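Novice: Got a predicted structure here, sequence first:
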Amino acid sequence: MNRIDPRTRFAAFLLLIALLVSAFIAFERIRVERATQRVELAMDYNDFLSLARSYNYNPRSFLLQLQKAGLTSLALTEELGGSLTGSASANAYAISGVALLDAARVSPLSNPTLSALVRDGRVRPGSVYLLVYDKPTFDRYMQQLPLHFERSGIKVLHAGAPYVIAVRTQIDYFNTTALGVPSDQVDLARRLQMLIIPRFQNDERLQDGQIAAMFDDLHAGKWLSTVVFFGLRNQVLGFPDHVADTAAVFHDRKNLNFGEIETYDASQVQKGNAELAKLIPGRTVRVQAIGKIEQDKLAVPDIVARYELGVRERNVRVVYLRPYGHEYNNLSIEKTNLEIVRQLAGDLRADGFTLGRASPVPLYRGNNRILVGIACLAVPSLFVLLLGWFGWYRPSWAVLAYAATVLVYLGGYVSHHDLLGRSIIALTGALLFATAAFIALSGAFYEEPLARTGPEITRSLRWTLLATGTALLGALTVIGIMSAPLVMEEVEPFRGVKLVLALPPLIALALYLFTSRFNSRIGSPKEAFTAPIRIYQLLLACVVLGVGALVLMRSGNTSDIAPSSFELALRHHLTALLGVRPRFKEFVIGFPAMMLLPALRGIDRRATGILFSLAIGIGLGDIIDTFSHLHTPVLVSLLRVFNGLVIGVVIGAILIAIYRWFDARRKQGAGVVVMPHDPELITR
């Protein structure tokens, strides 16, 4: 930027210091991201067992093959009461009192204990009766049932195999009650030396000490890896009153991680998720799963590609697999599942990841409060510099800007909402740097076309790099302020990300229309509002507004508007070709507009200035927004922007050549002799 007020030199110095600190934080974050690249490939055991039995596969042999292919873990889910009713399982059977009486009317009961109950009229319609065929299962039930039912309502009617237990409860409640992880499943995982992902369901009636007992009853020892909670209530264990007890279990078991399930809808986030993650900082890992219904619609390459994308670009460290029930490339279903694991494991290893116990983002020195506080000073410093550039600098405004930043930052820590305070400062910084990046292009609005196309493209590239570099400083500031483990794991969001997309185009348009620094030939805001509008300008405005609304609705990992098949194919090919897919808003809109702007004649630039301002604003905002997704590794975001810049520059260079060709034809059609733009030549 030019015209820097000498009185703002102190702000420039503080801005330099803050950017250097942000660069240090970014370096530390990159170091941590490269050191936490261990991924678990886990299989849902219940779904796996159902598939193996359906096709008469040997479960143990099948698991051994999956393990050789790269599977590291088994996800073992608590047994629900509903799995014992209706049909006998291998270890137990459950029947309600009403159903027991009905069964006795049809035929004699073979179990003497139940038969005696019916004969003596002691069957309670409001009870559930459990037949247990082995002692380990009986012991597990006697440990688990008191966690969910009153002890006075639990009675052992027969203390030898087959054991009989009566539980005072309704069958619908019993069906949804968790009865612990079967010990034979734990023993199988330990014999195969596979990591165990226990899946517990919360019960709000859990009391002090009972949560720790649930983990102790597993007897899995060092093989426990990542806990992933489940249940119809969608709660973490201990919610709402005993989350701290769950956190204490993690503190006592140093290798145990909390698996936060990746969701795209805020309503799907598990209750207590953020509270637990805050109590165990540096112990959270992201878990990615594909639902059964959706997986049935996907081909094998799509499944593998989606999981790989999650690991590479969204910091996923637990890939939660479900068996695939379709054949692929004439392979059997067994071989198809082996191929999925083999491809996934091989591709992840090729990308530099290792397989094993998932590695969370730990607490690291880049998240130091003092360092982050210094990084925050970049925001008021840039604000002061912008005031000086516009000629609006006042010492009182500078003091107010720095004081407000300090108050928001310290107020966040005092109120235990430090990440909210940091989000406010980072969002403000993102918008200010997007503004500064557009201002850096102000000189380009005064350029006239050069004589030759090559130098013209070179000059346009310099302007594009200047604006892009300024926007990247904004991205660096966001990284310096927001790179906390909870944000990198997306437990806590960076609030206002959509504003980073929505506001920069509007800010750029306002600067173009209402200031005199962009050669718009508009004397005042009143003149801008009262200027006549041509039909083509109105149509362009409608198109721009429609595109802007579409961009906002399409932002994020999911949206109400699904991409077309052509766009999905283009994304796939770009990812396969470049490794990291660039964003369309950058290489299709932003960078080409930055390249073409300085090459335009003044009259054409003023005719399309509104459109170019909006397009450039979209591109600059998107550059910063790319780094605002803190769960994406920094190097991946850098590569994304670089790829977009290269493609966008190429597209821009082509547009410059096309524009110059049409401009030459236009001049010839108007009877103008086209001469090189060289002041030393005489125009005839």
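Specialist: Nice, I can see it.
Novice: residue contacts, the spatially closest residue to Ala94 that is not a sequence neighbour?
Specialist: Leaving aside its sequence neighbours, Ala94 sits nearest to Leu84 (Cβ to Cβ, 6 or more residues apart in numbering; 3.8 Å). C-betas here are computed from N, CA, C, even on glycine. Leu84 makes contacts with Ala92, Tyr93, Ala94, Leu130, Leu179, as judged by Cβ atoms under 8 Å, 6 or more residues apart in numbering.
Novice: hmm, try it at 10 Å
Specialist: 91-95, 128, 130-132, 141, 174-175, 179 (Cβ atoms under 10 Å, 6 or more residues apart in numbering).
Novice: State the pLDDT value of it.
Specialist: On pLDDT, Leu84 comes in at 91.
Novice: Make CSV from the contacts of Leu84 and add distance to Val236 to it.
Specialist: CSV is the format used below for these (distance: Cβ to Cβ, whole Å):
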residue, distance to Val236
Asn91, 28
Ala92, 28
Tyr93, 31
Ala94, 27
Ile95, 32
Val128, 27
Leu130, 28
Leu131, 33
Val132, 30
Tyr141, 24
Phe174, 23
Asn175, 22
Leu179, 19
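Novice: Looking at those, which is nearest Ala607?
Specialist: Asn175 (70.2 Å; Cβ to Cβ).
Novice: Angles on the backbone of the closest residue to that closest one other than its chain neighbours, please.
Specialist: With Cβ to Cβ, 6+ apart as the criterion, Asn175 has its nearest non-adjacent residue at 3.5 Å, and that residue is Gly82. When read as degrees, to the nearest 10, the backbone of Gly82 gives phi -60, psi -20.
Novice: how many neighbours does Gly82 have?
Specialist: 14 (other Cβ atoms under 10 Å).
Novice: Was I right to think it contacts Gln201?
Specialist: No: contact criterion Cβ atoms under 10 Å: Gly82 and Gln201 do not qualify, at 11.9 Å.
Novice: all strands in the stretch 51-200 of the chain, in order from the N-terminus.
Specialist: 73-77, 92-96, 127-132, 154-158, 163-168, 195-199 (DSSP state E, counting those that start in this stretch).
Novice: Whichever helix or strand Arg422 is part of: which residues count as buried?
Specialist: Taking DSSP states H and E as the definition, Arg422 sits inside helix 418-439. Burial within helix 418-439, assessed by neighbour count using 16 or more other Cβ atoms under 10 Å, is assigned to 418-419, 421-439.
Novice: returning to what we had before: gap between the residue nearest to Asn175 and Ala599?
Specialist: Distance from Gly82 to Ala599, counting by Cβ to Cβ, to the nearest Å: 69 Å.
Novice: still on that earlier bit, just want the angle from the helix or strand following the helix holding Arg422 to helix 418-439.
Specialist: The helix or strand immediately downstream of helix 418-439 is helix 453-482, counting by DSSP H and E. Calculated by axes from the mean of the first three to the mean of the last three Cα atoms, to 10 degrees, helix 453-482 forms an angle of 160 degrees with helix 418-439.
Novice: who touches the next helix-or-strand element following helix 453-482?
Specialist: Following helix 453-482 in sequence order, the next helix or strand is helix 485-488 (DSSP H and E). The contact list for helix 485-488, computed with Cβ under 10 Å, 6+ apart, reads 29, 32-33, 36, 260, 274, 277-278, 281-284, 286, 315, 360-364, 366-367, 419, 422-423, 426, 481-482, 491-494, 629-634.
Novice: how far does helix 485-488 sit from the chain's center?
Specialist: Chain-centre distance of helix 485-488: 11 Å, with Cα atoms, centre = their mean, to the nearest Å.
Novice: which element follows it toward the C-terminus?
Specialist: helix 497-514.
Novice: Extract the C-alpha trace of that next one and format it as CSV.
Specialist: Taking C-alpha atoms only, helix 497-514 is exported to CSV below (Å, rounded to 0.1, in the frame of the first residue of the first chain):
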residue,chain,number,x,y,z
VAL,A,497,-16.2,-18.6,8.4
LYS,A,498,-19.0,-17.8,6.0
LEU,A,499,-18.5,-14.1,6.6
VAL,A,500,-14.9,-14.5,5.3
LEU,A,501,-16.6,-15.5,2.0
ALA,A,502,-19.5,-13.1,2.0
LEU,A,503,-18.1,-9.8,3.1
PRO,A,504,-14.8,-9.3,1.1
PRO,A,505,-16.7,-9.0,-2.2
LEU,A,506,-19.0,-6.4,-0.7
ILE,A,507,-16.1,-4.6,0.9
ALA,A,508,-14.3,-4.5,-2.5
LEU,A,509,-17.4,-3.2,-4.2
ALA,A,510,-17.8,-0.5,-1.6
LEU,A,511,-14.2,0.6,-1.9
TYR,A,512,-14.5,0.8,-5.7
LEU,A,513,-17.8,2.8,-5.7
PHE,A,514,-17.3,5.0,-2.7
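Novice: Pull the distance from that helix to the chain's centre.
Specialist: 25 Å.
Novice: Start at 23, not 1
Specialist: Renumbered: residue one is now 23, and that last one reads helix 519-536.
Novice: Dihedrals phi and psi, Thr250?
Specialist: Residue 250: Val, not Thr. Dihedral angles for Val250 - degrees, to the nearest 10 - are phi -120, psi 120.
Novice: Name the helix or strand for the closest residue to Ala400 other than its chain neighbours, please.
Specialist: Spatial nearest neighbour of Ala400, excluding adjacent residues (Cβ to Cβ, 6+ apart): Ala40 at 3.5 Å. Following DSSP H and E, one finds Ala40 within helix 31-57.
Novice: picking up where we left off before, now do the contacts for the residue nearest to Asn197.
Specialist: With Cβ under 10 Å, 6+ apart, Gly104 has these contacts: Ala116, Ile193, Asp194, Phe196, Asn197, Thr198, Thr199.
Novice: ChimeraX command for the buried members of those residues?
Specialist: In ChimeraX, this line selects whichever of the contacts of Gly104 come out buried by 16+ other Cβ under 10 Å:
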select :116,193,196,197,199
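Novice: Can you lay out the contacts of Gly104 as TSV showing pLDDT and distance to Asp318?
Specialist: Below are the contacts of Gly104 laid out as TSV (pLDDT from 0 to 100; distance: Cβ to Cβ, whole Å):
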residue	pLDDT	distance to Asp318
Ala116	94	31
Ile193	93	31
Asp194	92	29
Phe196	94	31
Asn197	93	26
Thr198	93	25
Thr199	94	29
